[in-house]
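> only the shape, not the letters, is given here:
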């Protein structure tokens, strides 16, 4: 689907539908809000379609009028919007009719959001196969995300899956005050990002497992990454501790949240070991706590999973990171490029 021919993409669905997923860049301009849609639907089932349509028509007219006075107020005669709803039917059609009567060249998306969603799924089955990925590996705390940022600053193409998923991909990887997107919204953003990348140049991406927090990485992308060439970060152990302390500083300020996350590992390690880790945190021995967590949890897990899943990892070039300073990652990026 090519949306470049339109000045604005308008999502006419309810705010709740928009929050679950939408075309990237689309503005939310509901013709019915969540409560109104529920009310019209109930009237349709319990009274009659005629009464439901009569109420719906009045509500749609009120809501579109409000959008005309606010969202669309500054649009000139040449404005060309694309409007979609769930199936490309009544809601988007009603708004488009009003906008066309005013004089704008308003179009509706055939098939609506459902058609868009089918297109996203189809694209994510084939598009990842067209890229030359370079997969960045290294145990937790080695600075993979920081290297991706340095590579991006240096002009390389980067696909940061953890940024899209709002999660760092480990048991302590949740971001403070930032919930993960829905699976569908993650996939919409992922496809949008892939479409901006040049197939003729390498794309650097972090070696991930199938899930990043609660988000599932699409199978075709996962398969392509696992067959791609790799590089491995060889980061100084003290730098790894520093990097993790910087990334997880919110846990230092919120011990209860940290303890809750560590409790998720009781089934793997038993209460005694988890208690030891918690005691180190309680005593403020943060560097020792992180070093123990790396040695006893993260590193063994990395060794078990990476070589089994990435075919070219054994032949990977190694990239030395001497410190946690940004300059160290900028220097490594410059050498890679």
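Sure, I can see it. Nothing here was measured: the structure is a model prediction, and the numbers come from that model.
> quick one: contacts of the longest helix seen in the chain?
Taking DSSP state H as the criterion, the chain has its longest helix at helix 49-69. Applying CB atoms under 8 Å, 6 or more residues apart in numbering, the contact partners of helix 49-69 are 29-33, 36, 39-41, 43-44, 91, 94-95, 98, 102. Using the backbone N, CA and C atoms, a C-beta is placed for each residue, glycine as well.
> same check, this time on stretch 244-256
140-141, 168, 172, 176, 257-258, 261, 281-282, 286-287, 290, 293-294, 324.
> 6 Å instead?
Residues outside stretch 244-256 that contact it (CB atoms under 6 Å, 6 or more residues apart in numbering) are 141, 172, 176, 258, 290.
> equivalent analysis for stretch 86-97, please.
12-13, 31, 60, 64, 83-85, 106, 108-114.
> narrow the residues you listed to those in strands?
Counted as lying in strands by DSSP state E, out of the contacts of stretch 86-97, are 83, 84, 108.
> ok, these vs residue 306, which is closest?
Of all these, residue 306 sits closest to residue 84, with 41.6 Å by CB to CB.
> can you get me a residue count around the closest one?
By the measure other CB atoms under 10 Å, the count of residues near residue 84 is 28.
> ok, now which ones touch the closest residue to it other than its chain neighbours?
Computed as CB to CB, 6 or more residues apart in numbering, the closest residue to residue 84 that is not its neighbour in sequence is residue 109, at 3.7 Å. Contact analysis of residue 109 by CB under 6 Å, 6+ apart lists 82, 84, 88.
> can you add distance to residue 54 and pLDDT and give these back as TSV?
Formatted as TSV, those follow (distance: CB to CB, whole Å; pLDDT from 0 to 100):
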residue	distance to residue 54	pLDDT
82	28	98
84	25	98
88	23	77
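> from the residues you listed, which is closest to residue 308?
residue 84 (42.9 Å).
> tell me the bridge partners for that closest one.
On the basis of DSSP bridges, residue 84 is bridged to residue 11.
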